[in-house]
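In: dropping the sequence and predicted coords here.
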Amino acid sequence: MINHETFRQLLPPADPKKIARILHALATRRGLHRFEARALGDTALNSTISDLRNRYGVPIRYEWVSVVGYQGKEARLKSYFLDLVLDAESVPYILALLELWGYCLPEPPEPPAPAAPAIAA
């Protein structure tokens, strides 16, 4: 079953595209708002969300949140998120998009080598 932990395990490419960084962040967090997106290099999160929804068909939801804004005043803004339960049919597609954009699951560890047979004396 693919869940948030699966997405957290993905290894990013050397230089992921902005849209991929945002989709990965959405898949690994409970929400992402415009101020948090700036740390990911996105200064226009609403446009990136629009691309993910309209161009790629990703079902991104949102909720209104209040954060401390300019001069300590409250700012209300949208926090975007993926609901991996309600939109479970889209989860394999989201993983495939991230893989297309260079993210990959780590290689499974090598199985232990079989023990050498004991030599009778």
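Out: Good, I have the coordinates. This structure is a prediction, so every number in the text was calculated from the model and none was measured.
In: rest of the way, CA atoms for contacts and neighbours
Out: Fine.
In: which residues touch stretch 22-39?
Out: Contact partners of stretch 22-39, identified using C-alpha atoms under 8 Å, 6 or more residues apart in numbering, comprise 4-5, 7-8, 40, 42-46, 48, 52, 77-82, 98.
In: which ones among those map onto strands?
Out: Judged by DSSP state E, these include 77-82 as members of strands.
In: going through the contacts of stretch 22-39, which ones are buried?
Out: Judged by neighbour count, with 16 or more other C-alpha atoms under 10 Å as the criterion, the buried members of these are 4, 7, 42, 45, 48, 52, 78-82, 98.
In: still on that earlier bit, between which two of the ones in strands among the contacts of stretch 22-39 is the distance greatest?
Out: Maximum pairwise distance among the ones in strands among the contacts of stretch 22-39 (C-alpha to C-alpha): 16.7 Å, between 77 and 82.
In: coming back round to it: now the ones in strands among the contacts of stretch 22-39 as a markdown table including distance to residue 61?
Out: Formatted as a markdown table, these follow (distance: C-alpha to C-alpha, whole Å):
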| residue | distance to residue 61 |
| --- | --- |
| 77 | 13 |
| 78 | 9 |
| 79 | 8 |
| 80 | 6 |
| 81 | 5 |
| 82 | 6 |
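In: so which of those residues is the closest to residue 105?
Out: Using C-alpha to C-alpha as the measure, the one of the ones in strands among the contacts of stretch 22-39 that approaches residue 105 most closely is residue 82, at 19.6 Å.
In: the closest one and residue 53 touch, don't they?
Out: No. Taking contacts as C-alpha atoms under 8 Å, residue 82 lies outside contact range of residue 53: 11.2 Å.
In: quickly list what's touching both of those two.
Out: Residues touching both residue 82 and residue 53 by C-alpha under 8 Å, 6+ apart: 59-60.
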